[in-house]
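[1] Any chance you can model this:
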Amino acid sequence: MDHSEPSPVAGPAGYRVLTASSEAHPLVKTGGLGDVAASLPMALRELGHDARLVLPGYPGAKKQVRELKHLMDLRIPAVVGTVHLYGGLLPDHDLPVYLVDAPAYFCREGNPYTDVSGRDWGDNPERFLLFCRVIAHLAMGLPPLDWRPQVLHCNDWQTGLAPALLRDHEERPATIFTIHNLAYQGLFDRATFDRLHLPAALWSVSGLEFHHRMSFIKGGIVFSDRVNTVSPRYADEVRTQRFGCGLDGLLRQLGGRFRGILNGIDYRVWNPADDPALPQSYDSEHLDLKGENKRTLQRRFGLPRDEEAFVLGHVGRLVEQKGVDLIIAILPRLVAAGRVQLVIQGAGDRALERQLQDAAAAHPERVSVFVGYDEPRAHLIEAGCDAFLMPSRFEPCGLNQMYSLRYGSVPIVHNTGGLADTVVDASDAALSAGTATGFLFNDPNPDGLWYAVEQALRLHDERPQQWRQLVLAGMRQDLSWQSSARHYLELYAEAIASREGLLQVATA
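    Numbers count the residues shown, from 1 in each chain. Predicted structure coming up:
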């Protein structure tokens, strides 16, 4: 049997779906997109659909894909060298994966978007245009593969040109474009547009042109049959001037073609009852076992062992959007509280990294910082802390607050985007009803965050039974991908029906 082209699990009623992403866990991950890009097609396959994944052939991805096999070569105009297409399976799941192997573009140190110093690769437009060209070829069906998708599902700006390249192909699949973070748009100057030799017709207000610049993400929004973002609240927010990043008018014009679908989390990866990264597994029925992870967390991060300490955790990109500066601003108050410990893991803005490292050096018994990303450490923080700080100024969906709910670490979050969709504030009414799962604050400033932290401290200390109830309510929520995948299937059905309707009109 040819394992590079696994037999479809979908029956006659199942969709053939090609998911395109610039990253996917565990092959490559810089943020939430990496989690989503692998988890959704896996969930779709479990529901009986033939979902497959395509991403660039980064060296790390090529090393991890199982049963990797060369499928074919592609000659693409203006591309340096031959593009090789490989196929295989995800390391821990029978999800078919295609890798676009173009060494001059994807075989380099750093992460998918930046070099080792953190600067964007200067040829990112060329790199991801190449990726989009191959996505478009796959979407139309390549004869050696004997497989053609009914739905092409693109994600974020790095895949935004694929729907644009397919716009005039009558036999193209239905196209879906998911916005994971509208702030990252793939914006480049007119000279770049000319250098890429894209069709001149795409340089227009109804195409890729955006305030005299070229926008990759606009290509996905304009030329896809359906567009969504990753939470209902964020879908509402990006249609406003405040959060729309200049694209709010376009998103409003989409009307019913645009919506929010909340991400899920992969319970095979994020499950405290069966997590190999934890020294002690636990669940809602054995919550007391969680304490061993707290002790290990304190030891791993060089903090004094103190079972009575109130441990706050944070994992994420160290950038202003994530509200890291708000955490830094309340550090004097956290230290003054006496028994609070803070554990942070992340990387990003060098100035914020230095401020956090300085705080850790000044208060080694209260603050510990790990600059970088380490998956097992992230799991330990989720399991070992009492509460999780997520003061993002805006948050399309957010995954860490959902991990925190699952792991019984109470989220303290800004009332925005997916954070508002997943966390129920610990108001008196919600606490009495047993529905509260965390703490929300409305004003993204240090006082707003500190108010929520104080509320959490007070409940934890003064009403331990209600705190436990709060923890358990969060752990028992269903945040799995199965529910989210069904919403995506509805979106696919709409896109296919819309595409078929347009074809009927065109041939009438």
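
[2] show me where the stretch 201-350 of the chain has strands.
    Applying DSSP state E, counting those that start in this stretch to the stretch 201-350 of the chain gives strands spanning 209-210, 213-215, 226-229, 258-260, 310-315, 340-346.

[3] Convert the C-alpha atoms of the strand or helix carrying residue 53 to CSV, please.
    For residue 53, the element it lies in under DSSP states H and E is strand 50-56. Output of strand 50-56 as CSV, limited to C-alpha atoms (Å, rounded to 0.1, in the frame of the first residue of the first chain):
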residue,chain,number,x,y,z
ASP,A,50,-11.2,13.2,4.1
ALA,A,51,-9.3,16.2,5.4
ARG,A,52,-5.6,16.8,4.5
LEU,A,53,-3.0,19.4,5.4
VAL,A,54,-0.5,21.3,3.3
LEU,A,55,2.3,23.4,4.7
PRO,A,56,5.8,24.6,3.7
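
[4] quick one on the thing from earlier: put together CSV for the strands of the stretch 201-350 of the chain, with mean pLDDT, mean neighbour count and distance to residue 300 on each row.
    Using the backbone N, CA and C atoms, a C-beta is placed for each residue, glycine as well. Converted to CSV, those look like this (pLDDT from 0 to 100; neighbours: other C-beta atoms under 10 Å; distance: least, C-beta to C-beta, whole Å):
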stretch, mean pLDDT, mean neighbour count, distance to residue 300
strand 209-210, 96, 18, 45
strand 213-215, 97, 22, 43
strand 226-229, 98, 25, 36
strand 258-260, 98, 20, 37
strand 310-315, 98, 24, 12
strand 340-346, 97, 24, 9
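
[5] care to break the chain down by domain?
    Domain ranges of the chain: 16-264+482-507, 272-478, per automatic domain parsing.

[6] gap between the two ends of the shortest one?
    Spelled out, that is domain 272-478. In domain 272-478, first residue to last residue: 14 Å (C-alpha to C-alpha, to the nearest Å).

[7] Quick one: distance of it to the chain centre.
    Domain 272-478 sits 19 Å away from the centroid of its parent chain (C-alpha atoms, centre = their mean, to the nearest Å).

[8] that older thread, describe which strands the strand holding residue 53 pairs with in its sheet and in which direction.
    Note on strand 50-56: by DSSP bridges, its sheet partners are strand 16-20 (parallel), strand 96-101 (parallel).

[9] Could you give the average pLDDT over it?
    Averaging pLDDT along strand 50-56 yields 98.

[10] Please identify the buried residues of the lowest-mean-pLDDT helix or strand in the chain?
    When each helix and strand of the chain is scored by mean pLDDT, DSSP states H and E, helix 481-507 comes last, with a mean of 86. Residues 481, 484, 485, 488, 489, 491, 492, 494, 495, 496, 499 are the ones in helix 481-507 that count as buried (16 or more other C-beta atoms under 10 Å).

[11] measure the closest residue to residue 329 other than its chain neighbours to residue 77 for me?
    Closest residue to residue 329 apart from its sequence neighbours, by C-beta to C-beta, 6 or more residues apart in numbering: residue 446 at 3.9 Å. Residue 446 sits 53 Å away from residue 77, going by C-beta to C-beta, to the nearest Å.

[12] Next: residue 198.
    Taken as C-beta to C-beta, the span from residue 198 to residue 77 is 12 Å.

[13] And those two? Which one has more around it.
    Neighbours were counted for residue 198 and for residue 77 using other C-beta atoms under 10 Å; residue 198 has more, 20 against 6.

[14] what sits against the residue nearest to residue 329?
    326, 329, 330 (C-beta atoms under 8 Å, 6 or more residues apart in numbering).

[15] was I right about residue 326 contacting residue 449?
    Yes: using C-beta atoms under 8 Å as the test, residue 326 is close enough to residue 449 to be in contact (4.8 Å).

[16] what do these two both touch?
    residue 391.

[17] Walking through the stretch 51-200 of the chain, point out its strands one by one.
    66-74, 83-89, 96-101, 151-155, 174-179, 187-188.

[18] Which one, of these, ends up nearest to residue 363?
    Closest approach to residue 363 among these is made by strand 174-179 (39.1 Å; C-beta to C-beta).

[19] Neighbouring strands - and their directions - for that closest one?
    strand 151-155 (parallel), strand 226-229 (parallel).
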